[in-house]
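1. Need coordinates for the following:
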Amino acid sequence: MPVGSNTTDCYFSICLGRESINRNSIILANLLYGSGQTYYQLGEYTNALNNYERSLKIRKNLRGFYGFERVMANLYYRIGLTYYQLKENNKALDYYEKSLKIRAELGDKSWMANLHSKIGLTNYQLKEYNKALNYYEKSLKIWNELENKAWIASLYYYIGRTNYQLGEYKKTLIYYEKALKIRNELGNKASIANQLFHIGRTYFRLDEYNKAINSDKKSLKIYNDLGDKTWIANVLFRLGQTYFQTGEYNDAVNYFEKADNIFVNLDNENVTYLYNLSCLAHSLSKKGDLLAAETTAFQAEKLLEDIKLSPNTYPSTCWHLSQAFSGLGQKDKEVKFLRIAYDKTMEQSEQIKDTKARDALIAIHKKIIVAWEELNSELK
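-> Just a heads-up that it's a prediction; the model follows:
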């Protein structure tokens with residue numbers, strides 16, 4: 001059982017109070033560490049952290065014992081991981097840095113590479129993208145020296161993904177293609193499919209829609225072979241978006257409907273499910289199938305009240321809904337969702353580095369003004 005009983009707590013206090021460190025302290029530290037691992041695997045991160053920190057408190061008094069430095073480095077690492085899971089990223093960084101300092105003194109290159117990547121990932125979560133890139137590059141250098149292909153591929157992906165967030169899409173493609181080349185050599189089908197999906201996403205951002213479709217269809221084929229329903233739905237949704245952008249609304253509707261048929265049987269709380277539904281409503285409206293568009297738009301509107309969308313998908317979902325209602329001639333709802341789209345986008349405005357995204361924000365604002373003026377003229 002995980003540590004936490006009154007008997008164990010009492011024993012823990014006695015051990016700390018002894019003038020001489022004995023074998024019992026090591027046993028208790030190991031027991032607490034093992035309990036922390038159990039809680040971590042169960043996803044009970046607060047309890048895991050409590051046990052790791054109690055183990056650390058004992059271990060700090062065991063300096064001079066064999067393997068002291070490595071044990072401390074590992075505990076710092078585990079505490080860092082746990083803070084990361086708790087989304088306390090600054091604390092995670094603090095413990096990762098402590099672990100890295102010891103690993104560097106020990107000359108443990110694989111651990112140094114691993115910690116550099118973890119620090120990079122944490123900075124990525126903090127939206128410190130340039131710091132993330134710096135640590136990824138350090139990690140990549142070591143993994144190249146160690147010739148670890150799996151990690152090299154992962155670092156190429158991380159670097160590509162970070163450049164994507166910076167709006168550096170051509171750089172993103174360079175690193176994604178490098179990652180794909182290695183993943184093909186290693187033969188992990190799921191990793192290959194995922195990499196192809198992200199390559200397609202980047203081509204989409206570059207308005208190279210035929211290349212995006214080509215990459216996404218390759219990804220879809222692999223996910224179909226693997227039977228991964230969630231990812232099949234995600235790729236179908238992405239294909240729908242791309243065909244929508246090219247004005248091929250019949251194909252867009254086809255892929256959005258296929259995605260919807262999967263999403264509805266997976267999890268109605270999935271944010272992409274609602275995003276897909278709003279895109280489907282907009283596409284049906286563009287296609288001229290107004291009855292289906294209206295049914296779908298009202299379904300999406302109702303779900304919007306129940307599903308908590310992420311900040312990234314909320315504006316786009318509401319924008320597509322506004323355009324669906326615009327096509328249906330329902331100006332009041334068009335304005336309602338345009339305003340939500342605009343407000344949600346403004347909340348993220350400080351983070352917008354992509355010129356296309358800023359232009360989209362301005363376009364939404366203009367649409368709100370036009371729609372509002374039209375609505376007012378109808379009411380007079």
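2. Count the residues that sit near residue 285.
-> Neighbours of residue 285 under the rule other CB atoms under 10 Å: 23. Where C-beta positions appear, they are placed from N, C-alpha and C, glycine not excepted.
3. element containing it?
-> helix 271-287 (DSSP states H and E).
4. And for residue 243?
-> helix 229-245.
5. ditto for residue 345
-> helix 331-347.
6. Now that helix: average pLDDT?
-> The pLDDT scores in helix 331-347 average 84.
7. for that helix, packing partners?
-> helix 314-327, helix 355-379 (3 or more CB pairs under 8 Å, 6 or more residues apart in numbering; DSSP states H and E).
8. Between helix 314-327 and the next helix or strand after the helix holding residue 285, find me the angle.
-> Next helix or strand after helix 271-287 toward the C-terminus (DSSP H and E): helix 290-304. On the basis of axes from the mean of the first three to the mean of the last three CA atoms, to 10 degrees, helix 290-304 is oriented at 150 degrees to helix 314-327.
9. hmm, back to that, from the chain's centroid, how far away is the helix holding residue 345?
-> From the chain centre to the centre of helix 331-347 is a distance of 25 Å (CA atoms, centre = their mean, to the nearest Å).
10. That helix: which residues count as buried?
-> Neighbour counts over helix 331-347 (16 or more other CB atoms under 10 Å) mark 331, 333-342, 344-345 as buried.
11. and the helices and strands packed on helix 331-347, which one's lowest on average pLDDT?
-> Among the helices and strands packed on helix 331-347, helix 355-379 scores lowest, at a mean of 62.
12. Below-threshold pLDDT in the chain: ranges please.
-> Scanning the chain with the threshold set as pLDDT under 70 gives 1-22, 267-270, 310-311, 348-362, 364-380.
13. and with 80 instead?
-> Residues of the chain meeting the criterion pLDDT under 80: 1-23, 64-65, 267-271, 306-313, 344-380.
14. So for it, the centremost residue is which one?
-> Closest to where the C-alpha atoms of the chain average out (CA atoms, centre = their mean) is residue 125, at 8.7 Å.
15. That residue and residue 80: what is the separation?
-> 13 Å (CB to CB, to the nearest Å).
16. Over to residue 93?
-> 8 Å.
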